[in-house]
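In: got a sequence here, can you build the structure:
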Amino acid sequence: MAGLSPEEIKDFIERGAHIAHVATVRPDGRPHVAPVSFGAWDGKAYVAVYEGTVKLNNIRHNPKVALSIATDERPYKYVVLEGEGRITSENRDQVLERILIGYVGEERGAALTQEVLARTGRTELLVLEVTIDKVMSMHEVEFSTLRGRSIITDGREFGQPWLEPEPQA
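Out: Down below sits the predicted model:
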């Protein structure tokens, strides 16, 4: 297994409609992991969160967060994003729409955003904004000399050049 290049990381997290698992720390120190839809751009990751959820309460207690994004088919790939989370309602509608567009396309994403906001109530839905400070990645490499077995090694850390903000038009 080898690390992904910065370009592969950017493509994997910004253009793939993957489910992430967000890891937070409970007040008693135990971990909590939950599957989430997410978006990532301009050096940050975003997750829509509902008031009263375990992950939201955990982040209010301890802002340390990790997002694990992985494929479930061969060739396996994963990216882990670590950083500090901030709960906000700023740009919530736009963030939600951008996340949903990444999963269902532009036309359906815009309509689904309005459906979600109408159904959930605007005060219940918040944004988890994660400022990323560490990136780890891996992709599977097949070794024919290993008789079909794979070797698992640690992911590789990058200087995160993909975290640079997108140029403004």
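
In: so after the helix or strand where Lys55 lies, what's the next helix or strand?
Out: When elements are defined using DSSP states H and E, Lys55 is found to belong to helix 54-61. Counting by DSSP H and E, the next helix or strand C-terminal to helix 54-61 is strand 64-70.

In: next helix or strand past that next one?
Out: strand 77-88.

In: give the buried residues for that following strand.
Out: Lys77, Tyr78, Val79, Val80, Leu81, Glu82, Gly83, Gly85, Ile87 (16 or more other C-beta atoms under 10 Å). Heads up, the C-betas are built off the backbone N, CA and C, glycines and all.

In: can you check stretch 103-114 too?
Out: Using 16+ other C-beta under 10 Å as the test for burial, stretch 103-114 gives Tyr103, Gly109, Leu112, Thr113.

In: again with stretch 10-18
Out: Quick answer for stretch 10-18 (16+ other C-beta under 10 Å): Lys10, Phe12, Ile13, His18.

In: can you list those residues in CSV and add distance to Thr131, secondary structure and pLDDT?
Out: Shown next, in CSV, are the buried residues of stretch 10-18 (distance: C-beta to C-beta, whole Å; DSSP: H, G, I helix; E, B strand; the rest coil; pLDDT from 0 to 100):
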residue, distance to Thr131, secondary structure, pLDDT
Lys10, 17, helix, 83
Phe12, 19, helix, 81
Ile13, 15, helix, 82
His18, 20, coil, 85
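
In: can you add distance to Val54 and give those back as a markdown table?
Out: Shown next, in a markdown table, are those (distance: C-beta to C-beta, whole Å):
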| residue | distance to Val54 |
| --- | --- |
| Lys10 | 30 |
| Phe12 | 27 |
| Ile13 | 24 |
| His18 | 22 |
